[in-house]
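In: coords below, sequence missing:
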Ligand SMILES: CCC(=O)N1CCc2c(cnn2-c2cccc(F)c2)C1
């Protein structure tokens, strides 16, 4: 079994999908959380200067979705066929397109709040309707078993609901999917034990 070290800030953010996959698979890893005040010193030592990164026996994978896709494949949660894998990737990318629109590092609080409000009021409903249409009456977003697309929906929508409580109330099927993911014993245990952070 390789030695895994996940490096990110002390928030769920872009590392949480990998933490879900580690939790679900039972694979042991170091959940290394750096302090924001140490980032300027650490950043120059990181290839491409962004985190999360995952060290696999010292080999560094960067980009959160490349890490997630690697772990999903290792865990059997990437999709059962190449077609299902493509569908799962498309859902992950669709959700990530929206989350990536948020100016997470914006220093001006008024600008930040205005853009957050615009995204949550004017852009989120279209995404939620599209995801609701795609899920339909299925148990999981892709195929007959859980995939990392279901995990990513729960991870990202948890943050959406921090920013706008009630945002998903008009989509009970999407809320039920969150409950289904969070009811998986290993995910429930992780949520219970993980550091409690806002984002
Ligand atoms: C220090 C960085 C930080 O606090 N955040 C940045 C990124 C982020 C946060 C919350 N969700 N999230 C995120 C998750 C997935 C995709 C994505 F683009 C963004 C908060």
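Out: That came in fine, so what should we check first? Quick caveat, the model's predicted, so the values are computed rather than measured.

In: Pull up the gap between residue 165 and residue 7, please.
Out: Distance of residue 165 to residue 7, computed by CB to CB, to the nearest Å: 31 Å. For glycine as for every other residue, the C-beta is placed from the backbone atoms N, C-alpha and C.

In: For stretch 171-182, list every residue counted as buried.
Out: Neighbour-count burial for stretch 171-182 flags 171, 174, 177, 178, 181 (criterion: 16 or more other CB atoms under 10 Å).

In: In TSV: those residues, plus pLDDT, secondary structure and distance to residue 62.
Out: Shown next, in TSV, are those (pLDDT from 0 to 100; DSSP: H, G, I helix; E, B strand; the rest coil; distance: CB to CB, whole Å):
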residue	pLDDT	secondary structure	distance to residue 62
171	98	coil	33
174	99	helix	30
177	99	helix	29
178	99	helix	28
181	99	helix	26
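
In: Throw these into TSV and include distance to residue 156, thanks.
Out: Output for the buried residues of stretch 171-182, formatted as TSV (distance: CB to CB, whole Å):
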residue	distance to residue 156
171	14
174	11
177	12
178	10
181	12
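
In: Which one of these is nearest to residue 161?
Out: residue 178 (8.8 Å; CB to CB).

In: Looking at residue 165 and residue 7, which has the bigger crowd around it?
Out: Between residue 165 and residue 7, residue 7 has the larger neighbour count (other CB atoms under 10 Å), namely 19 against 9.

In: quick one: is the longest helix seen in the chain near the ligand?
Out: Using DSSP state H to assign secondary structure, the helix with the most residues in the chain is helix 82-99. Yes - residues of helix 82-99 contacting the ligand under CB under 6 Å from any ligand atom: 96, 99.

In: what's the closest residue to residue 199 other than its chain neighbours in contact with, if anything?
Out: If the residues on either side of it in the chain are set aside, residue 199 comes closest to residue 11, at 4.8 Å by CB to CB, 6 or more residues apart in numbering. Taking CB atoms under 8 Å, 6 or more residues apart in numbering, we find residue 11 in contact with 197, 198, 199.

In: Ok, residue 107 next?
Out: For residue 107, the contact set (CB under 8 Å, 6+ apart) is empty.

In: just checking, residue 5 touches residue 29?
Out: Yes - if you go by CB atoms under 8 Å, residue 5 and residue 29 touch, sitting 6.7 Å apart.

In: Those two: which is more packed in?
Out: Neighbour count, other CB under 10 Å: between residue 5 and residue 29, residue 29 has more, with 20 against 16.

In: from the contacts of residue 11, which would you call buried?
Out: By neighbour count, with 16+ other CB under 10 Å, the contacts of residue 11 hold no buried member.

In: out of these, which one sits closest to the ligand?
Out: residue 199 (3.9 Å; CB to the nearest ligand atom).

In: next one: the helix or strand encompassing residue 65 to chain centre, how far?
Out: In the assignment (DSSP states H and E), residue 65 maps to helix 64-75. Taking CA atoms, centre = their mean, to the nearest Å, one finds helix 64-75 lying 11 Å from the centre of the chain it belongs to.
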